[in-house]
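Asks: Quick one: sequence and predicted model below, then my questions.
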Amino acid sequence: MNIRTPELDRKPGPEEVEAALALIRQWASKASDTEMLALDPAARALIGDGYPDLSTIYPAEFRADAAYKATLPDLQNGPASLIRGAKTQIQHVGISNFRLPIRYRTRDAGEVLLETSVTGTVSLEAEKKGINMSRIMRSFYTHAERDFSFDVIEHALSDYKRDLESFDARIQMRFSFPVKVPSLRSGLSGWQYYDIALELVDRAGERLKIMHLDYVYSSTCPCSLELSEHARRTRGQLATPHSQRSVARISVVANPGPALWFEDLIELCRRAVPTETQVMVKREDEQAFAELNAANPIFVEDAARLFCAQLQADPRAGDFRIVASHQESLHSHDAVSVLTEGPTFAQASLDPRLFGTLFHVG
């Protein structure tokens, strides 16, 4: 005889099924491996392995609306409780080598579009986890199409300093600036490329505009020149003085007032040390270059002081730093010098790799 129990014959509703499954999963979350293995396989199948069944097809048609974007996690801009390590201020945090085309004005009222590498940083308070770095890039794209050089930096820095609520900020733009340079005697000309960086530093609302230029020249050693001439005069012995490719990195704060153009700073360097490396060279140019070097022999100390004298004489130049490296052909080491004027570049320590960055291959 079959006895039917109404409660057992009743079909459970969806809510009861979900509650039962939740109970099973709650048990499974605390169960040991042994208990799980002892479980009926059908029950284990209900629990699953804990990994969701994810789609492997890219959803090309999916669009993130405002409501969806509001649900996205943002750990970088999270609360102070997420900070790892010391809760202390970071002087500079941001991006480096972000590249885009920027327009630059030239001294003759022209303009040139150049690929530019951007470094942008802001200070970060001790109680903040991080910054939204994409805002730095968005600021540049906003202004790059309608502004020029320092104007781009000014507007971009104001934007992201405001957006990121930072006290201090710094932007630097690096590029290679082309200038057509005539040869010494043949009448030919060629493009010389100058590594230039523009830097805008904002500290507590006060701003400094700084220009950096790498000037590449040949340096003939005065001592070696005299010794070579001594061998010729006293013994009839042919001898040649040693000279080498040399680099000076000139960093100068631009004073308010008339502009210090890129071309102005390049010409200032040529007046100081006229033995700039050449682009187009025929035999008469090579001979002229040898004569020019013989007329301007310099030690690395001389180079620093010659650049200094020209900068001191230009009212558009404020604080400055001169870092020179003569990459010796006589020695297996380089001869270097650093000369600074004013507080902007005064520092007790130097980057250990500073002089290694003054190596130009072309």
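Replies: Cool, the structure landed. Numbers count the residues shown, from 1 in each chain.
Asks: what's the following helix or strand after the least confident helix or strand in the chain by mean pLDDT?
Replies: Lowest by mean pLDDT, DSSP states H and E among the helices and strands of the chain is helix 6-9, with a mean of 59. Downstream of helix 6-9, the next assigned helix or strand under DSSP states H and E is helix 14-30.
Asks: Tell me the helices and strands packed up against that next one.
Replies: Helices and strands touching helix 14-30, by 3 or more C-beta pairs under 8 Å, 6 or more residues apart in numbering; DSSP states H and E, are helix 41-47. C-beta: built from backbone N, CA, C; applies to glycine.
Asks: The helix it packs on: what's the following helix or strand?
Replies: helix 66-69.
Asks: distance between that following helix and the chain's centre?
Replies: Computed by C-alpha atoms, centre = their mean, to the nearest Å, the separation of helix 66-69 from the middle of its chain amounts to 33 Å.
Asks: who's in contact with that helix?
Replies: Residues from elsewhere that reach helix 66-69 (C-beta atoms under 8 Å, 6 or more residues apart in numbering): none.
Asks: For that helix, list every residue counted as buried.
Replies: When burial is assessed from 16 or more other C-beta atoms under 10 Å, helix 66-69 yields no buried residues.
Asks: cool, and stretch 244-260?
Replies: 244-254, 260.
Asks: same check, this time on stretch 33-47
Replies: 39, 47.
Asks: And for stretch 184-198?
Replies: 184-185, 192, 194-198.
Asks: Pass me the low-pLDDT residue ranges in the chain, would you?
Replies: 1-9, 45, 48-53, 164, 360-362 (pLDDT under 70).
Asks: Let's see that with 50 instead.
Replies: Scanning the chain for pLDDT under 50 picks out nothing.
Asks: now the helices for it?
Replies: Counting by DSSP state H, the chain has helices at residues 6-9, 14-30, 33-38, 41-47, 66-69, 134-144, 149-163, 222-235, 262-272, 283-295, 300-312.
Asks: Need those in TSV (columns: distance to residue 354).
Replies: TSV is the format used below for the helices of the chain (distance: least, C-beta to C-beta, whole Å):
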stretch	distance to residue 354
helix 6-9	85
helix 14-30	57
helix 33-38	59
helix 41-47	62
helix 66-69	44
helix 134-144	25
helix 149-163	23
helix 222-235	25
helix 262-272	19
helix 283-295	26
helix 300-312	14
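Asks: Ok, which of these comes nearest residue 95?
Replies: When the helices of the chain are compared by C-beta to C-beta, helix 134-144 sits nearest residue 95, at 5.5 Å.
Asks: which strands and helices sit next to the closest one?
Replies: So helix 134-144, by 3+ C-beta pairs under 8 Å, 6+ apart, packs with strand 90-105, strand 111-124, helix 149-163.
Asks: List the contacts of residue 76.
Replies: 129-133.
Asks: Which among those residues count as buried?
Replies: Using 16+ other C-beta under 10 Å as the threshold, 129-131, 133 are the buried ones among these.
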